[in-house]
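make a model of this:
(chains A and B)
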Protein chains: 2
Amino acid sequence: VVLIDEGLELLTEPECLELLAGTEVGRVGLTIGALPAIFPVNYGMVDGTIVFRTAPGSKLAAAALGAVVAFEVDDYDRSDRSGWSVLAVGPSEVVHDIGLTFRVLDAAIEPWAGGTRTSIVRIRPEIISGRRIV
Amino acid sequence: VVLIDEGLELLTEPECLELLAGTEVGRVGLTIGALPAIFPVNYGMVDGTIVFRTAPGSKLAAAALGAVVAFEVDDYDRSDRSGWSVLAVGPSEVVHDIGLTFRVLDAAIEPWAGGTRTSIVRIRPEIISGRRIV
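Next comes the predicted model:
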């Protein structure tokens, strides 16, 4: 069953999870002070959760508070005006578990940016939705 | 002067505005209920503001309330792990001005998705920042 929302096909949760697993750059949406913000990160999926490395800053602060954040991935092709996006929403947390930390390092979830990003943040997606241009 | 933030070069405001003007797909970050969300849109710049068309839904509702939203654009090249992102934050509003409406249509700010997107939303960027992987 394909549900259509204003010219967008709604993706199933398995489709969304597959797209999340196959993408390298995603965007974290959170609040800094009272203002919304969106920052790209290099990420990976570990045990069905979104994991990325970060330095001290707004993303780490949000995770330290267990803030619910948005995480978005998408891909577009301007030549034929096609594209899709997936949105995952859930609580973020700082990873202290040594076993998980090693698995993140093993999974080569490495920021493209230089600098010191030794903290690991995990988002547990609780609401997942996706759309594809048809 | 190039400021570096953890391996990221901070872009100047003119650089950010140039990147905003040269991109077709951006992402709106807003709150639905108490939950954060990020949705991609086709957009254009008109008079230094971000303008996009939308259908009734969360983005239009946010604009109707004058909500402060985030708007993000980025581009990446996985082959050499390069990339940049720009974040603009400011109040959103529904455009009722007929003159502006015609200019948006003239600027061919057309959603790639089908469906009926007859409402026009404008974001006035008040805080603009950008980063580039170095």
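
pull the number of nearby residues for residue A:114.
Around residue A:114 there are 12 other residues, counting by other C-beta atoms under 10 Å in any protein chain shown. Quick note: C-beta positions are derived from backbone N, CA and C, even for glycine.

contacts only, for it.
B:6, B:7, B:133, B:134 (C-beta atoms under 8 Å, 6 or more residues apart in numbering or on different chains).

name the spans of chain A whose pLDDT lies under the cut-off.
Chain A contains residues with pLDDT under 70 at A:1-2.

would you map the helices across it?
In chain A, the helices defined using DSSP state H lie at A:13-21, A:58-64, A:98-106.

most packed of those?
helix A:58-64 (a mean of 19; mean count of other C-beta atoms under 10 Å in any protein chain shown).

hmm, that one in reach of chain B?
No - using C-beta under 8 Å from any C-beta of the partner chain, we find that helix A:58-64 stays clear of chain B, coming within 9.9 Å at best.

please name the bridge partners of the residue nearest the centre of chain A.
With distances taken as C-alpha atoms, centre = their mean, chain A has residue A:71 as the residue nearest its mean C-alpha position (3.8 Å). Note on residue A:71: beta-bridge partners by DSSP bridges are residue A:28, residue A:88.

quick one, what contacts it?
Applying C-beta under 8 Å, 6+ apart to residue A:71 gives the contacts A:26-29, A:43, A:50, A:87-90, A:123, A:125, B:38.

rewinding a little: with distance to residue B:100 added, can I get the helices of chain A in a markdown table?
Below are the helices of chain A laid out as a markdown table (distance: least, C-beta to C-beta, whole Å):
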| stretch | distance to residue B:100 |
| --- | --- |
| helix A:13-21 | 36 |
| helix A:58-64 | 33 |
| helix A:98-106 | 48 |
